[in-house]
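Peer 1: Need a 3D model of the sequence below.
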Amino acid sequence: MNEKEMIEKYIDTYTDLQRIKNSPDKDKEIEYQLAIARAKLQSIGISTEDLEMRS
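Peer 2: Numbering: from 1, shown residues only. Predicted coordinates for the structure are as follows:
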């Protein structure tokens, strides 16, 4: 990952967190962000099942 890619990644993370923070329905926004992250991971062959937190 080059410097430009790292900068873009952190800007994306920052804006995602801002969306959650400012959302009127934080739980819904968090679920949306998780769905996006899950899709990105699965698209490159990474299973998300083992990453799920269980209570």
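Peer 1: wait, what's in contact with residue 20?
Peer 2: The contact partners of residue 20, by C-beta atoms under 8 Å, 6 or more residues apart in numbering, come to 26, 29, 30, 33. Every residue, glycine included, has its C-beta placed from N, CA and C.
Peer 1: The second one - nearest residue in space that isn't next to it in sequence?
Peer 2: Nearest non-adjacent residue to residue 29, counting by C-beta to C-beta, 6 or more residues apart in numbering: residue 23, 3.7 Å away.
Peer 1: Check the third one too.
Peer 2: The shortest distance from residue 30 to any residue other than its chain neighbours is 5.8 Å, reached at residue 20 (C-beta to C-beta, 6+ apart).
Peer 1: The one you found sits in which helix or strand?
Peer 2: Assigned by DSSP states H and E, residue 20 belongs to helix 3-22.
Peer 1: got the buried residues for that helix?
Peer 2: By neighbour count on 16 or more other C-beta atoms under 10 Å, the buried set for helix 3-22 is residue 16.
Peer 1: How about stretch 21-34?
Peer 2: Buried residues in stretch 21-34, defined by neighbour count with 16+ other C-beta under 10 Å: residue 29.
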